[in-house]
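J.: I'll drop the sequence and a predicted model, then ask my questions.
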Amino acid sequence: MAAAATVKSSRPLVSIRNVSKQFANGTLAIRGVDLDLRDGEFVSLLGPSGCGKSTLLRIIAGLGAPSAGTIEWPTAPHSASGEPQPDLGFVFQDPTLMPWANTLRNTMLPLTLAGVANGAAEARAAEMLALVGLKGFEKSYPRELSGGMKMRVSIARALVTHPKILLMDEPFAALDEITRHRLNDDLLALWWQNRFTGVFVTHSVFESVYLSQRIVVMAARPGRVMADLQNDAPYPRDALFRTSAEYAHLCRVASETLKQAISA
Amino acid sequence: MSEVAQRAPLPNPPPLAGEGRVGAHDGTDAEARPVFAEERRILGLAASSWPGIIAPVVIGILMLAVWEAIVRLKGIPHYILPGPILIAQTLWNDWATLSESLLITLRITFAALIAAVVVGVALAIVFTQSKWLEKSLFPYAVILQVTPVVSIAPLIIIWVGDINLSLLICAWIVAFFPILSNTILGLNSADHNLINLFQLYRASRWQTLRYLRLPAALPYFLGGLKISGGLALIGAVVAEFVAGTGGSASGLAYRILESGYRLQIPRMFAALIMISLTGIAIFFLTSWIAHLALRHWHESAVRREN
C-alpha cells in the first residue's frame, strides 16, 4: 500500500544548499535555505504569504538565479557549459494558457518546443488530456473552460513530457473548495500513476497535510525553513482520510508549527 | 469495464480506491463553463444586429430627402449645391472616368497598405529583438509620423520623379506608423508567466517569437491595421492633391480638383462620395479580417451572454 512512501534513493533529486535571494530593491526574499528533495516524494512548501516559497520554487525551476548558495541536480543531465538541464514541469498560480490555442495545442506546447513531430505530439497530448479528465475537450479554447478545467489543462501540459519533477505554485488557490478537493484527489492519482517528484507550494495547512509526505514549513521576512514535518499516512488517501484522527492530528501539528513560524 | 480501461490507459493500472480516479468530470466544474450565445440569424446576420443597421439607413434616407427638398424649394443652383438625385445621375453618367480614377486611387492605397504591413511588422520584430536598434531608430519613425505628409509630398515628388511611386511613398509614410507602434506593443505584451514557461522549456528566440510573441501581438497588429487602412487612403488622396495635374490617368483627388476648376460641382460630390465609400469599405474589410482572426479567442471578437 505505502510503496511510494518508502521510495527513497540515496542521492537526492535536487539539493538546495544555503540558498538566499535578494531582489534588486533590497528585499531579502529567502535566507539560507537547505533542502533535499528525494526522487518520487511529494513535498509541500507551507508558509504565510511573503515567506518566499514561490521565489524558492522559481529558483528550483531555474527562473532566476539565487543571490547566494547553489541548486544541485546530481542525477540530471548537464549542458556543455555545465548548466543542469533538469526534466521538470511547472504549474503556475494562474492556468497560464495561450488563449489563441485550443486545449490540445496548449497541452502539446512543451513537445512542440522540444521538436517532437506534430502527429506524435498530438497523440501524446490527447492521451495526457484524457488522464486529467478532459477527453472530448481537445478542440475547446481556454475561454470556453471553467477555472478548474483550465487548471487541468495546465497540469496536463506540465506532465506531457513525463517530467521527473513537477513544481506547483499554489495552483488551486483561486478555485472553489469543491473543485479544489476534486483536483487534489486527481493530482494524487496522477502522482501515484506517474511517480514524479511533487513540490507543492501552498498556504493551506489542510491541503498540505492531505497531499504530501513531507511538509516544509517556512517563515517570512526573510523566508527560511522552520520545520520539516513527516506525514506517514498511507496512500491512496481519500475523503475518509480527511475525517480520520491522524489527519486531524497532523493538521494540528502543522498549524501550530505554522503559528510559530508566523510569530517567529 | 471498457470505460474504466479508457480512463486508465497506463500499462500498469494503479491500485486506486474507488474515488481517487482521474477522469470523472466534476459536475460543478463542467457546469461552471461559460455559456456563449447562439443567436437566430437573418440573411447571415445575427437578429439583434439588424436594428443597428436599419436605424442609420432610415436616418440617411431622411437626410437625403430633406437635402433634395431644400435644393428644389430654394432653387439653389447646382454649381453651389447639387441635390442628391443630380449627384447620383452624375455618378452614373461619369462612371467610366470616375471608376478609372477610383482604380488608380485604390491601387495606390492597397500597395501602400501592404508595404506598411510588411515594413511595419518587420521593423517591429527587429526592434523587439534588439532594444538597442529600437532606441536608435524609433525616434526617426516618430519624426516620419509627426511631419505632415502634405509638407514633404512636394519634395518626395521632385526627388522620386515617378509620380505613382511618389504617391505610394506618401501614403506609406502615413499608414505605416500605427502598424509599427501597435505591433511593438503587442510583441511586448505576451503574458509574463508564458514567457517564463518558454524559458523553462529552453525555447529558442525564433520559437518564442513564432509560438508566443506573434500570436500575442495579433490583436494589436489588427487594431493598427484598421487605423492604417483608413490612413493609407487619406495619404493617397492627400498626395494626389499635392501632385495636382497628373494627366489623364489620375486618381479621385485629381477629379475633385479638376471639377472644382471647371465648376462641375455634382461631379466633385460624386468623387467625394466614392472616396468616403472606399474608406468605409476598407474599414469593413479590415474589421472583417480582424474578426476572422480573433473570433475564437480574443475578448474583442467574442460574443458573450451575461
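T.: All right, it came through fine. Because the structure is a prediction, the values reported are computed rather than measured. Numbering: from 1, shown residues only, chains lettered A, B, ... in the order given.

J.: C-alpha only now, for contacts and for neighbours.
T.: Noted.

J.: lowest-pLDDT helix or strand in chain B?
T.: helix B:2-7 (a mean of 40; mean pLDDT, DSSP states H and E).

J.: how many residues are close by residue 165?
T.: As the question left the chain open, I've gone with chain A. A:Ile165: 27 surrounding residues under other CA atoms under 10 Å in any protein chain shown.

J.: not what I meant, chain B
T.: 16.

J.: can you map out the strands along the stretch 101-250 of chain A?
T.: For the stretch 101-250 of chain A, the strands defined by DSSP state E, counting those that start in this stretch cover A:165-169, A:197-202, A:214-219, A:224-230.

J.: now these as CSV including distance to chain B and mean pLDDT?
T.: Shown next, in CSV, are the strands of the stretch 101-250 of chain A (distance: least, CA to the nearest CA, whole Å; pLDDT from 0 to 100):
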stretch, distance to chain B, mean pLDDT
strand A:165-169, 11, 96
strand A:197-202, 16, 96
strand A:214-219, 20, 94
strand A:224-230, 22, 92
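
J.: out of these, nearest to B:Phe177?
T.: B:Phe177 sits nearest to strand A:165-169 of all these, at 40.8 Å, using CA to CA.

J.: just the closest residue of the stretch 151-264 of chain A to chain B, please.
T.: Proximity of the stretch 151-264 of chain A to chain B (CA to the nearest CA) peaks at A:Asp186, 5.0 Å away.

J.: neighbours around that residue, how many?
T.: A:Asp186, neighbours per other CA under 10 Å, totals 22.

J.: same question for B:Gln264.
T.: 18.

J.: please apply the same query to B:Ala124.
T.: B:Ala124, neighbours per other CA under 10 Å, totals 23.

J.: residues contacting it?
T.: B:180-181, B:183-184, B:187 (CA atoms under 8 Å, 6 or more residues apart in numbering or on different chains).

J.: for chain A, see how far away it is.
T.: Distance, B:Ala124 to chain A, by CA to the nearest CA, to the nearest Å: 21 Å.

J.: in the helix or strand that residue falls within, what counts as buried?
T.: Here B:Ala124 is covered by helix B:95-129, with elements defined by DSSP states H and E. For helix B:95-129, the neighbour count (16 or more other CA atoms under 10 Å in any protein chain shown) marks B:97-102, B:104-117, B:119-121, B:123-125, B:127-128 as buried.

J.: same thing with stretch B:237-255?
T.: B:237-244, B:250-255.

J.: what helix or strand is the most centrally placed residue in chain B on?
T.: For chain B, B:Lys226 is the residue whose C-alpha lies nearest the centre (CA atoms, centre = their mean; 2.2 Å). Using DSSP H and E, B:Lys226 falls within helix B:214-243.

J.: wait, does that helix contact chain A?
T.: Yes - judged by CA under 8 Å from any CA of the partner chain, helix B:214-243 and chain A are in contact via B:Pro215.

J.: if we can go back for a sec, quick check: angle from the helix holding B:Ala124 to helix B:214-243?
T.: For helix B:95-129 against helix B:214-243, the angle by axes from the mean of the first three to the mean of the last three CA atoms, to 10 degrees is 130 degrees.

J.: tell me how far helix B:95-129 is from the chain's mean position?
T.: Taking CA atoms, centre = their mean, to the nearest Å, the mean C-alpha location of helix B:95-129 is offset from the chain mean by 11 Å.

J.: and the residue of the stretch 151-300 of chain B closest to chain A?
T.: Ranked by CA to the nearest CA, the top residue of the stretch 151-300 of chain B for proximity to chain A is B:Trp297, at 5.3 Å.

J.: surely that residue touches A:Arg143?
T.: Yes - counting by CA atoms under 8 Å, B:Trp297 touches A:Arg143, with 6.8 Å between them.

J.: joint contacts of these two?
T.: Counting by CA under 8 Å, 6+ apart, the residues touching both B:Trp297 and A:Arg143 are A:Pro99.

J.: next, count neighbours for the residue in the stretch 51-200 of chain A that chain B sits nearest to.
T.: Using CA to the nearest CA, the closest approach of the stretch 51-200 of chain A to chain B is made by A:Gly133 at 3.6 Å. Neighbourhood size, A:Gly133 [other CA under 10 Å]: 21.

J.: A:Ala264 now?
T.: So A:Ala264, with other CA under 10 Å, has 10 neighbours.

J.: who's in contact with it?
T.: A:Ala264 makes contact with A:Ala219, according to CA under 8 Å, 6+ apart.

J.: just the helices in the stretch 1-150 of chain B please.
T.: B:2-7, B:27-31, B:50-74, B:84-93, B:95-129, B:131-146, B:149-160 (DSSP state H, counting those that start in this stretch).

J.: and the last one, what does it pack onto?
T.: Contacts of helix B:149-160 with other secondary structure elements, assessed using 3 or more CA pairs under 8 Å, 6 or more residues apart in numbering or on different chains; DSSP states H and E, are made with helix B:163-187, helix B:214-243.

J.: quick one: which of those helices is nearest A:Glu170?
T.: helix B:214-243 (25.4 Å).

J.: what's the first helix or strand after that closest one?
T.: Downstream of helix B:214-243, the first helix or strand assigned by DSSP H and E is helix B:252-261.

J.: and the angle for that next one with helix B:214-243?
T.: Put simply, helix B:252-261 runs at 30 degrees to helix B:214-243, going by the same axes, to 10 degrees.

J.: what pLDDT does B:Pro34 get?
T.: The model reports B:Pro34 with a pLDDT of 72.

J.: these two touch, right, it and A:Met149?
T.: No - with contacts counted by CA under 8 Å, B:Pro34 stays clear of A:Met149, the gap being 11.6 Å.

J.: these two: which is more packed in?
T.: A:Met149 (26 against 15).

J.: what count of nearby residues applies to B:Asn188?
T.: Neighbour number of B:Asn188 under other CA under 10 Å is 16.

J.: now swap in A:Ser15 and tell me
T.: A:Ser15 has 18 neighbouring residues, counting by other CA under 10 Å.

J.: surely it is in a helix?
T.: No - assessed with DSSP: H, G, I helix; E, B strand; the rest coil, A:Ser15 is strand; it does not lie in a helix.

J.: return the residues in contact with it.
T.: A:Ser15 sits next to A:34-37, A:71-74 when contact means CA under 8 Å, 6+ apart.

J.: change it to 10 Å
T.: A:34-38, A:60, A:70-74 (CA atoms under 10 Å, 6 or more residues apart in numbering or on different chains).

J.: also B:His192?
T.: B:His192 touches A:96, B:198, counting by CA under 10 Å, 6+ apart.

J.: up against chain B, what does the stretch 151-264 of chain A have?
T.: The stretch 151-264 of chain A comes close to chain B at residues A:158, A:175-176, A:178-179, A:182-190, A:192-194, A:235-239, as judged by CA under 10 Å from any CA of the partner chain.

J.: out of those residues, name the ones that lie in helices.
T.: A:158, A:178-179, A:182-190, A:192-194, A:239 (DSSP state H).

J.: could I have the buried ones of these as PyMOL selection syntax?
T.: Remark: buried members of these, expressed as a PyMOL selection using 16+ other CA under 10 Å:
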select buried, chain A and resi 158+179+182+183+184+185+186+187+188+189+190+192+193+194
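
J.: returning to what we had before: I'd like the helices of the stretch 1-150 of chain B as JSON lines, with distance to A:Asn25 appended.
T.: Formatted as JSON lines, the helices of the stretch 1-150 of chain B follow (distance: least, CA to CA, whole Å):
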{"stretch": "helix B:2-7", "distance to A:Asn25": "50"}
{"stretch": "helix B:27-31", "distance to A:Asn25": "41"}
{"stretch": "helix B:50-74", "distance to A:Asn25": "54"}
{"stretch": "helix B:84-93", "distance to A:Asn25": "69"}
{"stretch": "helix B:95-129", "distance to A:Asn25": "26"}
{"stretch": "helix B:131-146", "distance to A:Asn25": "23"}
{"stretch": "helix B:149-160", "distance to A:Asn25": "46"}
